[in-house]
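**Student:** sequence and predicted structure below; questions after.
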Amino acid sequence: MKYYVLTLFPEMIEQGLGVSILGRAQAQGAIELKAINIRDFSENKHGHVDDYPYGGGAGMVMQPGPVYRACRAVETEIGHRPRVLYMTPQGRVFDQRFAEELAAEEELVFLCGHYEGIDERILEMEVTDYVSAGDYVLTGGELPAMMMIDCISRLVPGVLSNTQSAEEESFSGNLLEYPQYTRPEEFMGKRVPEVLLSGHHANIEKWRREQSIRRTFERRPDLLAKAELTEKEKKYVERLKTEEVSP
Ligand code: ADE
């Protein structure tokens with residue numbers, strides 16, 4: 001997977017994604033990341049890339065020219081027209097399913113706006129997908145782009161090691177992950193659940209599945225409605241509703 005991020009703050013992208021698992025994935029070549037400074041494509045002698053909005057109003061708008069030239073440079077490098085994702089609260093809200101769809105691409109271009117946004121004409125020309133991080137407003141598209149790159153990269157072969165399975169975690173099957181514990185066995189009077197110390201794998205699996213269902217029921221009942229449950233598990237949910245089940 002090759003990511004291109006068009007931004008006014010390339011150092012934010014490089015530094016934010018240059019450490020930990022994604023830093024290693026870049027070093028090993030499982031993913032490639034190019035942060036491209038839109039300002040480098042300014043033809044203004046002061047390097048300006050924004051101007052006042054036509055019609056008046058607060059703030060500045062990013063001009064179409066530098067964004068156009070930055071997009072052309074990326075397209076020339078790739079050799080075809082890539083998927084161009086514009087980060088905006090007006091877009092399709094990003095989720096695990098969307099991440100899976102995007103992980104199938106060879107290249108992804110993230111276009112990050114700042115100030116009051118980008119001139120509409122260049123968005124009409126270049127953008128294939130309008131994508132939102134959620135129903136709230138940020139100061140720019142960089143954090144959403146970083147968040148999405150992190151999420152998509154976990155699904156790219158070679159990024160996670162075999163022991164860090166991408167599948168068995170929250171949202172696969174619309175269930176949240178079960179709670180995790182490590183040493184010590186007792187911490188400030190609180191013990192690790194006994195079943196996890198038993199070495200009985202079938203019982204551990206059953207307990208974890210129940211914990212996932214309970215947790216989803218308590219924290220994200222909207223997801224539980226979409227989860228695939230066995231008849232027995234559906235009965236467990238019914239018992240949770242009447243609070244007959246102890247933790
Ligand atoms: N830019 C500002 N707010 C945003 C959001 N919620 N999602 C994506 N891009 C944004």
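**Tutor:** Done, it's in. Worth saying up front: this structure is predicted, and the values here are computed from it rather than measured.
**Student:** now the longest strand anywhere in the chain - C-alpha only, CSV.
**Tutor:** In the chain, taking DSSP state E as the definition, the longest strand is strand 83-93. What follows is strand 83-93, C-alpha atoms only, in CSV (Å, rounded to 0.1, in the frame of the first residue of the first chain):
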residue,chain,number,x,y,z
ARG,A,83,-8.6,7.3,-5.4
VAL,A,84,-8.5,10.8,-3.8
LEU,A,85,-10.0,11.1,-0.3
TYR,A,86,-10.9,14.5,0.9
MET,A,87,-11.1,14.8,4.7
THR,A,88,-14.3,16.7,5.6
PRO,A,89,-17.0,16.5,8.2
GLN,A,90,-19.4,16.5,5.2
GLY,A,91,-18.2,13.0,4.1
ARG,A,92,-19.1,9.4,4.6
VAL,A,93,-18.3,8.5,8.2
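**Student:** what packs against that strand?
**Tutor:** helix 96-103, strand 107-111, strand 129-132, helix 142-153 (3 or more Cβ pairs under 8 Å, 6 or more residues apart in numbering; DSSP states H and E). In this view, the C-beta of every residue, glycine as well, is placed from N, C-alpha and C.
**Student:** direction included, what does the second one pair against?
**Tutor:** Put plainly, it is strand 107-111. Strand pairing for strand 107-111, using DSSP bridges, gives strand 2-7 (parallel), strand 83-93 (parallel).
**Student:** what does the longest one rub up against?
**Tutor:** Right, the one you point to is strand 83-93. Here strand 83-93 makes contact (Cβ atoms under 8 Å, 6 or more residues apart in numbering) with 71, 98, 102, 105, 107-113, 117-118, 123, 126-138, 140-142, 144-145, 148.
**Student:** now mean neighbour count too, for the helices and strands packed on strand 83-93, in TSV please.
**Tutor:** Shown next, in TSV, are the helices and strands packed on strand 83-93 (neighbours: other Cβ atoms under 10 Å):
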stretch	mean neighbour count
helix 96-103	15
strand 107-111	24
strand 129-132	18
helix 142-153	21
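**Student:** the ones you listed into TSV, with extra columns for distance to M62?
**Tutor:** Listed next are the helices and strands packed on strand 83-93 as TSV, based on distance: least, Cβ to Cβ, whole Å:
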stretch	distance to M62
helix 96-103	24
strand 107-111	10
strand 129-132	16
helix 142-153	13
